[in-house]
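Visitor: Sequence and predicted structure, then a few things I'm wondering about:
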Amino acid sequence: MNWGTKIVLGMIAFMMFIVGMVVYMFHLHGRDALIEENYYEKGINYNAEYNAKQNVLNDHAKPKITITKTQIIIQVKDSAKYNLVLMRPANSDDDIKLKGNTSGIANLILVDKTKMPRGMWFLNLQWHSSGKDYLFKNNITL
């Protein structure tokens with residue numbers, strides 16, 4: 001085998017490596033937990049998000065979060081309709097999205113954590129109560 005053949009084989013091997021890396025990166029992009037699906041829309045609606053965070057501070061409505069062996073218990077101030085998102089930075093396939101109304105007199109949101117992997121989670125709780133929107137974001141560790 002002469003030097004020209006070796007150069008051509010080396011270029012072909014390098015091109016196959018680059019194509020393989022491109023395919024791998026496109027495959028990973030769909031499962032990336034660091035990129036929001038609709039970040040342009042979130043930027044446009046930032047004022048509503050800011051006002052909802054301010055409502056939590058102004059009304060002293062910060063939710064109480066208790067973590068037990070089997071559940072995550074979130075207690076809000078008043079009866080509310082909520083959207084809860086628990087995001088895991090390690091893998092977006094583990095994300096949990098819940099919608100509903102608070103339960104009981106204590107206005108609780110109950111989340112079963114028996115099937116949730118251990119580690120850090122981003123908690124994003126939005127709720128509507130007494131004609132106002134509220135937003136609370138926090139990190140929790142299971």
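Guide: That came in fine, so what should we check first?

Visitor: is the residue nearest the centre of the chain in a bridge, and if so with what?
Guide: Per C-alpha atoms, centre = their mean, the C-alpha nearest to the average position across the chain is that of residue 87, at 2.9 Å. Note on residue 87: beta-bridge partners by DSSP bridges are residue 122.

Visitor: and the top helix by length along the chain, how far out from the chain's middle?
Guide: Counting by DSSP state H, the longest helix found in the chain is helix 3-29. Offset of helix 3-29 from its chain centre (C-alpha atoms, centre = their mean, to the nearest Å): 35 Å.

Visitor: So what does residue 43 look like in phi/psi?
Guide: Here is the backbone geometry of residue 43 (degrees, to the nearest 10): phi -70, psi -40.

Visitor: per-residue confidence for it?
Guide: The per-residue pLDDT reported for residue 43 equals 80.

Visitor: the helices in this structure, which residues?
Guide: Under DSSP H, the chain gives helices at 3-29, 39-44, 46-58.

Visitor: what pairs with the residue nearest to residue 109 when sequence neighbours are not counted across the strands?
Guide: In space, and not counting its chain neighbours, residue 109 is closest to residue 74: 4.1 Å by C-beta to C-beta, 6 or more residues apart in numbering. In short, each C-beta sits where N, CA and C put it, glycine included. When bridges are called by DSSP bridges, residue 74 pairs up with residue 65, residue 109.
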